[in-house]
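**Student:** pasting a predicted model and its sequence here:
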Amino acid sequence: MRLTELPNGAAGRVCELAGQAEVCQRLREMGVGESIIIERVSGQGTLLCLVSNTRIALSEGAARHIVVELIRSAR
């Protein structure tokens, strides 16, 4: 599923960064890469996420490039 489909409060493991190469490269520079655990904290248009104990804000467009597998449901 895409990160945009992950419910608020749930966590997923990044399986793939898919889409425009420039956006995928920028996500990797921000610490979002394959096998990283990402938690969606809140948000709709702009998503607040937790990556390696760091909160980052992602636009919905950037979040659509992140394919995750659910590892923990929303609390």
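**Tutor:** Okay, I see it. Residues are numbered from 1 along each chain as shown.

**Student:** for the closest residue to residue 2 other than its chain neighbours, give me its contacts.
**Tutor:** In this structure, residue 2 finds its nearest non-sequential neighbour in residue 64, 5.4 Å apart by Cβ to Cβ, 6 or more residues apart in numbering. The C-beta positions use only the backbone N, C-alpha and C, and glycine is treated the same way. By Cβ atoms under 8 Å, 6 or more residues apart in numbering, the contact set of residue 64 is 2-4, 19.

**Student:** any of the residues you listed buried? List them.
**Tutor:** Buried members of the contacts of residue 64, counted by 16 or more other Cβ atoms under 10 Å: 3-4.

**Student:** show me the contacts for residue 42.
**Tutor:** Contacts of residue 42 (Cβ under 8 Å, 6+ apart): 8, 48.

**Student:** in the chain, which helix has the most residues?
**Tutor:** helix 21-29 (DSSP state H).

**Student:** name the SS class of residue 69, please.
**Tutor:** The assignment at residue 69 comes out as strand when based on DSSP: H, G, I helix; E, B strand; the rest coil.

**Student:** can you list phi and psi of the most centrally placed residue in the chain for me?
**Tutor:** Nearest residue to the geometric centre of the chain (Cα atoms, centre = their mean): residue 3, 4.8 Å. Torsion angles at residue 3 (phi, psi; degrees, to the nearest 10) stand at phi -60, psi -30.

**Student:** who touches stretch 12-32?
**Tutor:** For stretch 12-32, with Cβ under 8 Å, 6+ apart as the criterion, the contacting residues are 1, 3, 6, 33-40, 51-52, 54, 56, 61-62, 64-72.

**Student:** could you rerun that using 6 Å?
**Tutor:** 6, 34, 36-38, 51-52, 56, 62, 65-71 (Cβ atoms under 6 Å, 6 or more residues apart in numbering).
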